[in-house]
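A.B. asks: Pasting a predicted model and its sequence here:
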Amino acid sequence: MPVVNRIADYADEMKTWRRHLHQIPELALDLPKTAAFVAERLREIGVDELHEGIATSGMVAIINGEGEGPTIGLRADMDALPIPEETGAEYASAHAGNMHACGHDGHTTMLLGAAKYLAETRNFRGRVALIFQPAEEAIGGARIMVEEGIMERFDIGEVYALHNAPGLPVGQFLTTPGALMAAVDTFHIHIQGKGGHGAMPHETRDPVMAACGIAQAIQTIVSRNHHTLEDLVVSVTQIHTGTVDNVIPDTAYINGTVRTFNPQVQKMVMQRMQEIVAGQAASYGVEAELEYEVGYPATVNDAEKAGFAVEVAREISGTDNVEPDGGREMGAEDFSYMLQARPGAYLFLGQGESAGLHHPKYDFNDEIAPIGASFFARLVERAQPLS
């Protein structure tokens, strides 16, 4: 079964929705224009219930099927990124400095398209809970929605989500049973030395050299402290210090990211980083403080639900266009919190060759919106059939 015919009929309308959302990118939890637009479309569609103001600007819409049954959750993220847009599109961002550089405008559109179809047909039993989530890119809106009790409040039994994938052929689905994406942590290292004249380093305690030493030593965590078969990334992404060529500064700052799957590996990294920062600080005669922020957990698909989602994806795109065991990657996703709360699956949907995610020239491919909407719709109909 290819794209649902009725959903294919919505293609132009979905494109209009998506391009409007693309023009009004908003950040984190503060999505007033985006949320208002989504809520207006849901009311027009005719959902049975609309619960707004969850996690500030998130919402859950309920569509009732025919007869009693469980509730299945479908999630789309709505927030954008603080990146100046360089697409040159006629529908480019009207909010300077912000853009939909990760395709959340497209994810929202796909779920709206599925909602329109499901509200029209009601060819399922039980209920579907449409979860429109803020703050995936920062803060963790999924965590907040879970903490505010959406799973219990709406009796959600299982939950699913899609993400577009540049570079994957148009309409191709990819997922994997078990761990799909990594846990993500952030570290900050603040170094306090003693500055002075660049020509008289012997009178200083140089934080620049300490920063270089710490940054290099941190890399030994990957090369010498963990088992090579356990995935681990430790990346220093920022070093800030100094202002002019002839002054040794007082302070330096190091920032970076850690990606893991195994909690024991994560614990080891935290311990070794503390030891390295303390040891390097002592060797350079400076003071250094480590702030280690534990972020999103690993995104782990329920194997049975992932297998079911693969079956549905094959109905939409064909067996050869679905990769059921595509391995795992070191990116991160706050849908992990929803998968900790309920079994479900997260899948990637190819959008063809384009600029990469989080790139100023990225744009969602409107061609795949009916494919994603069809996947969501058939997922509900297959999971909760009338007969």
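C.D. replies: Thanks, I have the structure now. Every value quoted in this text rests on a predicted model; they were computed, and no experiment measured them. Numbering: from 1, shown residues only.
A.B. asks: hey, let's count contacts and neighbours off CA atoms from now on
C.D. replies: Noted.
A.B. asks: could you measure residue 142 against residue 224, distance?
C.D. replies: Using C-alpha to C-alpha, to the nearest Å, residue 142 is found at 35 Å from residue 224.
A.B. asks: Name the residue in these two with the higher neighbour count.
C.D. replies: Between residue 142 and residue 224, counting by other C-alpha atoms under 10 Å, residue 142 is the more crowded of the two (28 against 9).
A.B. asks: How about the secondary structure of that one?
C.D. replies: What DSSP: H, G, I helix; E, B strand; the rest coil gives for residue 142 is helix.
A.B. asks: wouldn't it be in contact with residue 133 here?
C.D. replies: Yes. Using C-alpha atoms under 8 Å, residue 142 is in contact with residue 133, at 6.6 Å.
A.B. asks: tell me the domain boundaries of the chain?
C.D. replies: According to automatic domain parsing, the chain comprises the domains 5-179+300-383, 183-294.
A.B. asks: Return the backbone torsion pair for residue 288.
C.D. replies: Backbone torsions for residue 288, taken as degrees, to the nearest 10, come to phi -140, psi 140.
A.B. asks: what's the answer for the one 4 residues further on, then?
C.D. replies: Phi and psi for residue 292, reported as degrees, to the nearest 10, are phi -110, psi 120.
A.B. asks: give me every residue that touches it.
C.D. replies: Shown in contact with residue 292 (C-alpha atoms under 8 Å, 6 or more residues apart in numbering): 185, 186, 187, 188, 270.
A.B. asks: who's it bridged to?
C.D. replies: As for beta bridges, residue 292 partners with residue 187 under DSSP bridges.
A.B. asks: and it, how far is that from residue 187?
C.D. replies: Counting by C-alpha to C-alpha, the gap from residue 292 to residue 187 is 5 Å.
A.B. asks: same check, this time on residue 230
C.D. replies: Computed as C-alpha to C-alpha, the residue 230 to residue 187 distance reads 20 Å.
A.B. asks: cool, and residue 386?
C.D. replies: Distance check for residue 386 against residue 187: by C-alpha to C-alpha, it reads 51 Å.
A.B. asks: circling back to that earlier point, can I get the domains of the chain in TSV including mean pLDDT?
C.D. replies: Below are these laid out as TSV (pLDDT from 0 to 100):
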stretch	mean pLDDT
domain 5-179+300-383	98
domain 183-294	97
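A.B. asks: Packed most tightly, which of the ones you listed would that be?
C.D. replies: Neighbour counts (mean count of other C-alpha atoms under 10 Å) averaged over each of the domains of the chain peak at domain 5-179+300-383, with a mean of 21.
A.B. asks: just how off-centre is that domain within its chain?
C.D. replies: 11 Å (C-alpha atoms, centre = their mean, to the nearest Å).
A.B. asks: In CSV, list the C-alpha atoms belonging to the helix or strand hosting residue 16.
C.D. replies: Secondary structure assigned from DSSP states H and E places residue 16 in helix 11-23. This file holds the C-alpha atoms of helix 11-23, laid out as CSV (Å, rounded to 0.1, in the frame of the first residue of the first chain):
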residue,chain,number,x,y,z
ALA,A,11,-0.5,17.5,-0.3
ASP,A,12,-0.9,21.1,-1.4
GLU,A,13,-2.7,22.1,1.9
MET,A,14,0.1,20.4,3.9
LYS,A,15,2.7,22.3,1.9
THR,A,16,0.9,25.6,2.7
TRP,A,17,0.8,24.7,6.4
ARG,A,18,4.5,23.7,6.5
ARG,A,19,5.7,26.8,4.7
HIS,A,20,3.7,29.1,7.0
LEU,A,21,5.3,27.3,10.0
HIS,A,22,8.7,27.8,8.4
GLN,A,23,8.2,31.5,8.4
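A.B. asks: quick one: contacts of it?
C.D. replies: With contacts defined as C-alpha under 8 Å, 6+ apart, helix 11-23 is touched by 34, 91-95, 99-100, 105-106, 108-110, 113, 366, 369-370.
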